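> here's a sequence, model it:
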Amino acid sequence: MEQITKRLMNWASILEVSTREQALTASAMPFVFPHIALMPDAHLGKGATVGSVIPTLGAIIPAAVGVDIGCGMMAVRTGQTRSELAELDLAQLHAAISAAVPLSAGKYNARLSDTAPARIAELEALPGADQAHTVAPNWPRQLGSLGSGNHFIEVSLDESDQVWLFLHSGSRGVGNKLAAKHIKIAQQQCAQRWIQLPDPDLAYLVEGDPEFESYQHALDWAQRFAFLNRAEMMDRVLTCFGEWFGRSPERLEEINTHHNYTARERHFGKDVWLSRKGAIDAHAGVAGLIPGSMGAASYVVTGKGNALALHSSPHGAGRNFSRSAARRRFSRADLDERMAGIAWGESDAFLDEHPQAYKDIDVVMADAADLVDVRHTLRQIVNVKGD
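Purely as a prediction, here's the structure:
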């Protein structure tokens, strides 16, 4: 760990100058207490660094939560092993999952699944549902859809060759629109108060104001939507796996966790609003998921409860190159080689997700040694993504 200042602690051994400067700027906001914790996967973000944990008193910075509110991971450990799949075609499973779950930006369900109505009814009953209907009236059809970018569905094997189902997604278009709405409101509020900001995306909402309460409702709603979105997709993936395998898999263990969210927590003697933007809860004993990039390892972990790190840990590898830079830098032939033995989309559309577009997950995990214990190391055999 490196103490950059009294208000900025850093666990990233790979830290670009621009990322460090952005984190320093955010850490100087007057309501940050006691400090920002930079995770090992930290990289440049919008307003606040992706891979940062930001505790605040009496205010929340909407852009420091992120535009994909509630984005996170879900994993299920099944009772199956690699040897039981030896005679089966992984490409068929890839095709089945791709057909069952809408992939890519702007793609939603043509009809609702049997499990969706109960989840939709739960969301309809929550404060914030009125805002969701206003910004995205079709949100019920977004439930159970993946999106694009680094979102994925994977079938993986652990160190004992046990099969895990693993996915990454968030609150989709409705969460993005809710976030954009409240980022704009925060900027308007700061402008009306003649507050000079070092970056417009560090605009904040003040606890006690009606705008803060409205954002809190939207935030809680979108976080629950993201959680249920992952659960809905996982149900479909389990069904696909069962039909492909010949019987329904056991659900021996389940983990479903956010890595873009805000929670009320107590740190260093005070109750704070803790925004984890690209970070997971790593309180002692809490299970977590840290994915690598396409073709790289992922990890099932348990938090160590590191107080200085605000009981948090990294959420993944963190980008090393922008999407446009990755497309210029990496070839399809190299990506094919890296994905050998894995059933995947086999498309140039995924060049920007090349493993080397991200930081080395082994370095990230070494940096996180005092934040989490590794329980399982996962290697993917199926990778489903939206372009």
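> could I get the full set of helices for the protein?
For the chain, applying DSSP state H gives helices covering 17-27, 62-65, 90-100, 116-124, 129-135, 139-142, 172-192, 210-245, 323-329, 332-338, 361-367.
> which residues does the third one contact?
By that I understand helix 90-100. 153, 155, 236-237, 239-241, 243-244, 343-345, 381-384 (Cβ atoms under 8 Å, 6 or more residues apart in numbering). Where you see a C-beta, it was placed from the backbone N, CA and C, and this is true even at glycine.
> also the second one?
Residues from elsewhere that reach helix 62-65 (Cβ under 8 Å, 6+ apart): 26, 46-48, 52, 54, 179, 182-183, 185-186, 201-205, 215, 219, 260-262, 275, 277.
> try the first one
Under the criterion Cβ under 8 Å, 6+ apart, residues 4-5, 7-8, 10, 12, 32, 35-36, 38, 42-45, 47-49, 52, 54, 61, 64, 198-199, 202 lie in contact with helix 17-27.
> now the buried members of these.
4, 7-8, 10, 12, 32, 35-36, 38, 42-45, 47-49, 52, 54, 61, 64, 202 (16 or more other Cβ atoms under 10 Å).
> the helices of the chain: which one's closest to L351?
The closest of those to L351 is helix 323-329. By Cβ to Cβ, the value is 5.0 Å.
> buried residues in the closest one, which are they?
Of all the residues in helix 323-329, those buried under the rule 16+ other Cβ under 10 Å are A326.
> run the chain-centre distance for that helix.
Here helix 323-329 is found 22 Å from its chain centre; the criterion is Cα atoms, centre = their mean, to the nearest Å.
> what's the answer for stretch 288-306, then?
The answer for stretch 288-306 is 12 Å, by Cα atoms, centre = their mean.
> over to stretch 111-118?
24 Å.
> which residues are contacting it?
Contacts of stretch 111-118 (Cβ under 8 Å, 6+ apart): N109, I120, P140, R141, L143, G144, E232, D235, R236.
> tally of neighbours for the last one?
The number of residues packed around R236, counting by other Cβ atoms under 10 Å, is 18.
> hmm, L143 and it touching each other?
No: using Cβ atoms under 8 Å as the test, R236 is too far from L143 to be in contact (11.1 Å).
> right, and L146 touches P102 too?
Yes: contact criterion Cβ under 8 Å: L146 and P102 qualify, at 6.7 Å.
> higher neighbour count, these two?
The residue with more neighbours, out of L146 and P102, is L146; 27 against 20, by other Cβ under 10 Å.
> next up, phi/psi of I195, please.
phi -90, psi 120 (degrees, to the nearest 10).
> mind checking how far it is from Y261?
25 Å (Cβ to Cβ, to the nearest Å).
> and P117, how close does it get to K270?
Taking Cβ to Cβ, one finds P117 at 42 Å from K270.
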